[in-house]
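Student: got a sequence here, can you model it:
(chains A and B)
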Amino acid sequence: MPKTWRGHVLCAYAMAVLVFLYLPLVILAGYSFNSSRLNAVWSGFTTKWYVQLLHDRYVLDAFTNSLTIAIIATVVSTVLGTMAAMALHRYKFKSKNFIDGLLYLPILVPEIVMGLSMLVLFSQVQIPLGKITLIIAHITFCLSFVVITVHSRLETMEPELEYAAQDLYATPWQTFRYVTLPLAMPGIVAGALIAFTLSIDDFVISFFVAGPDSTTLPLYIYGLVKRGLSPEINALSTLMMVTTVALVVMAQIAQPAENKKEE
Amino acid sequence: MKDGRLLLAPAMGWLAFFFIVPMLIVVAVSFASRTPYGQVIFEWTLESYQRLLEPLYLRIFANTLWVSFLTTFLTILMGYPLAYYIVQLPKKWQQPGLILVMVPFWINFLIRSYAWVIVLRSQGLINSLLLKFGFIERPMQLLYNDAAVMVGMVYALLPFMVLPIYVALEGLDWRLLEAAYDLGASPFKAFRKITLPLSMSGIAEGTIMVFISSIGMFIVPDVMGGAKTVLIGNLIQNQFLSARDWPFGSALSIVLGILSLILIFLYYRAINGSKGGAQNA
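Tutor: Residues are numbered from 1 along each chain as shown, chains lettered A, B, ... in the order given. A predicted model of the protein is given here:
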């Protein structure tokens, strides 16, 4: 970029926006190491709030719930989603518009509407709110993301490889097992990571379908925020931020193919 | 073909049962009545939709649209220069730059709103600093008002704006700009006549994403807003959790859902239109 005054102004402006994006998060993380109970003054470095979290039964329960729900939701949505993506890749369906609609609508509809519609469903069919309803809801909102991620990966694959396998007398199963699946794997892993991240991070939909014994970490944080501030929220929020960022970076690494092509 | 159906059926069946069926029930509930205790009874009425027209609720709708409009405007103002800056970086810095923008986007809205609570509250960072340097004598009320909600909304949704604008700018043919400069156009004129029109699709996409997320938002106003700032999202939440008026809450969410879908439809028509235009040109 030319070193003109315009370039400098633009650079300063961009940096200011980035500071706006990061400063609150950095401050939150910083205060989680503050030994004072009050966030306002810095009175020395400590990790005691993190240690306290490890001994807090409610936090541990919420963590177990979040993890259980996320793992089950990820496995189910990845399996169902990958199957659907393979079908969409391999076969032409006459009702393509209908299928696309069904896939994209859950992403396009506001989260709050999706959450309350599931609450209404569960109350009509009289399933008590709890872990089961959370798992069902999480699978539902993860599914479309998995299908779209895996499908877009399959679309970048060269069909010649599958044809070559067939020419060499591979059975459809062998073609799938030794050609399609390994090539699609980065997309499947990325889809699974997205599903896991969405699930572990979800607040809005969980808010509507959770029961008293199925508090997840975001719901627990919400409760703390609503009740007033405590240093534990800082520590817990920081841990959640770090986890989310790590997962997203992993999902990025799992999908190196597109980046390589651009270079 | 038969194998294909078998592979596709579980996912589609799942979405049909746990997404479409609930939506249809919400439609039904929005026309239902309720007992004084909040029980939904399926006696059909238009009462919930009539209540939407009461001035109180119309004002909440208007307020939501206004806040969403402002949020969108401010994210363009902040997001466009940032996206432009990242596009102009050397190739190897672009990817890290984008990741830097996207990382906060993946962090929970709740946590991000809470981070602002720490910054803005009366013993928070800004007030402490201003007090310390003697600019103010008493802490200012920075939180629990409309301005705080705006800050939170812009903060939450900014990455939605930056990404599509970046994608649009990245696809731009920079030789057009060089040609404009060669022909003596000023940087401002070149921007207005070339860069801006050609990145309009990105602005449009970002606008739709930010606007739709804004009108359905309830965490940010819930955590950062006072009693005054009620958006449709908070109203819906209230109907389902405290007021226990599910028919009215359902009617509200149907209006919200339809509004979102209309916006998406308009957006797709707009981009398909502009693509067709570009091909003809």
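Student: any idea which helix or strand in chain A has the lowest mean pLDDT?
Tutor: When each helix and strand of chain A is scored by mean pLDDT, DSSP states H and E, helix A:256-262 comes last, with a mean of 46.
Student: residue contacts, the residue lying closest to residue B:215 once chain neighbours are set aside?
Tutor: Excluding the flanking residues, the one nearest residue B:215 by CB to CB, 6 or more residues apart in numbering or on different chains is residue B:68, at 4.9 Å. Quick note: C-beta positions are derived from backbone N, CA and C, even for glycine. With contacts defined as CB atoms under 8 Å, 6 or more residues apart in numbering or on different chains, residue B:68 is in contact with B:210, B:211, B:214, B:215.
Student: cool, residue B:254 as well?
Tutor: Here residue B:254 is in contact with B:26, B:27, B:30 (CB under 8 Å, 6+ apart).
Student: most neighbours, which of the residues you listed?
Tutor: Most neighbours among the contacts of residue B:254, by other CB atoms under 10 Å in any protein chain shown: residue B:26, with 25 neighbours.
Student: so how far is residue B:33 from that one?
Tutor: 15 Å (CB to CB, to the nearest Å).
Student: and if you look at residue B:24?
Tutor: Distance, residue B:24 to residue B:33, by CB to CB: 18 Å.
Student: got it, and residue A:179?
Tutor: Relative to residue B:33, residue A:179 is positioned 59 Å away (CB to CB).
Student: do the same with residue A:170
Tutor: As judged by CB to CB, residue A:170 and residue B:33 stand 62 Å apart.
Student: then residue B:202?
Tutor: Distance of residue B:202 to residue B:33, given as CB to CB: 47 Å.
Student: return the residues of the stretch 151-281 of chain B in contact with chain A.
Tutor: By the rule CB under 8 Å from any CB of the partner chain, the part of the stretch 151-281 of chain B lying against chain A is B:155, B:158-159, B:187, B:212-213, B:215-216, B:218-219, B:223, B:233, B:236-237, B:240, B:246, B:249-250, B:253, B:256-257, B:260-261, B:264.
Student: apply 7 Å and report the result again.
Tutor: Contact residues (CB under 7 Å from any CB of the partner chain) of the stretch 151-281 of chain B with chain A: B:158, B:187, B:212, B:216, B:218-219, B:223, B:233, B:236, B:240, B:246, B:249, B:253, B:256-257, B:260-261, B:264.
Student: which one of the contacts of residue B:68 sits closest to chain A?
Tutor: Distance to chain A, by CB to the nearest CB, is smallest for residue B:215 among the contacts of residue B:68, at 7.3 Å.
Student: check contacts around residue 32.
Tutor: With no chain named, the answer covers chain A. A:49, A:234, A:235, A:238 (CB atoms under 7 Å, 6 or more residues apart in numbering or on different chains).
Student: try again with chain B
Tutor: Shown in contact with residue B:32 (CB under 7 Å, 6+ apart): B:40, B:41, B:42, B:43, B:44, B:247.
Student: from residue B:25, how far out is the closest residue to the fifth one other than its chain neighbours?
Tutor: By the measure of CB to CB, 6+ apart, the closest residue to residue B:44 outside its immediate chain neighbours is residue B:31, 5.1 Å from it. Residue B:31 sits at a distance of 11 Å from residue B:25 (criterion: CB to CB).
Student: then residue B:215?
Tutor: 23 Å.
Student: higher neighbour count, residue B:202 and residue B:33?
Tutor: Comparing residue B:202 with residue B:33 by other CB under 10 Å, the one with more neighbours is residue B:202, at 24 against 15.
Student: name the helices or strands packed onto the helix or strand containing residue A:165?
Tutor: Counting by DSSP states H and E, the element that carries residue A:165 is helix A:159-167. Counting contacts by 3 or more CB pairs under 7 Å, 6 or more residues apart in numbering or on different chains; DSSP states H and E, helix A:159-167 packs against helix A:172-175.
Student: for the helix it packs on, which residues meet the burial criterion?
Tutor: Buried residues in helix A:172-175, defined by neighbour count with 16 or more other CB atoms under 10 Å in any protein chain shown: residue A:175.
Student: next: stretch A:109-128.
Tutor: Going by neighbour count (16+ other CB under 10 Å), the buried part of stretch A:109-128 is A:109-123.
Student: tell me which of these fall in helices.
Tutor: A:111-123 (DSSP state H).
Student: pLDDT and distance to chain B for these - can I get that in a markdown table?
Tutor: Below are these laid out as a markdown table (pLDDT from 0 to 100; distance: CB to the nearest CB, whole Å):
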| residue | pLDDT | distance to chain B |
| --- | --- | --- |
| A:111 | 91 | 7 |
| A:112 | 93 | 5 |
| A:113 | 94 | 5 |
| A:114 | 95 | 7 |
| A:115 | 95 | 9 |
| A:116 | 95 | 5 |
| A:117 | 96 | 4 |
| A:118 | 96 | 5 |
| A:119 | 95 | 7 |
| A:120 | 94 | 5 |
| A:121 | 95 | 4 |
| A:122 | 95 | 9 |
| A:123 | 92 | 8 |
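Student: from those residues, pick the one nearest residue A:56.
Tutor: Nearest to residue A:56 out of those is residue A:115 (CB to CB; 26.9 Å).
Student: quick one: the closest one from residue B:230, how far?
Tutor: Relative to residue B:230, residue A:115 is positioned 18 Å away (criterion: CB to CB).
Student: got it, and residue A:234?
Tutor: Note on residue A:234: its distance to residue B:230, by CB to CB, is 28 Å.
Student: who has more neighbours, these two?
Tutor: A count of neighbours by other CB under 10 Å puts residue A:234 above the other of residue A:234 and residue B:230, at 25 against 20.
Student: that one: what's it in contact with?
Tutor: Listed by CB under 7 Å, 6+ apart, the contact set of residue A:234 reads A:28, A:31, A:32, A:49.
Student: so does the longest helix anywhere in chain A get close to chain B?
Tutor: Criterion DSSP H: the longest helix present in chain A is helix A:57-90. Yes: judged by CB under 7 Å from any CB, helix A:57-90 comes into contact with chain B at A:80, A:81, A:83, A:84, A:86, A:87, A:88, A:90.
Student: which helices and strands sit right next to that helix?
Tutor: helix A:131-155, helix A:181-201, helix A:217-227, helix B:2-15.
Student: using a markdown table, lay out those together with mean neighbour count.
Tutor: Formatted as a markdown table, these follow (neighbours: other CB atoms under 10 Å in any protein chain shown):
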| stretch | mean neighbour count |
| --- | --- |
| helix A:131-155 | 23 |
| helix A:181-201 | 21 |
| helix A:217-227 | 19 |
| helix B:2-15 | 17 |
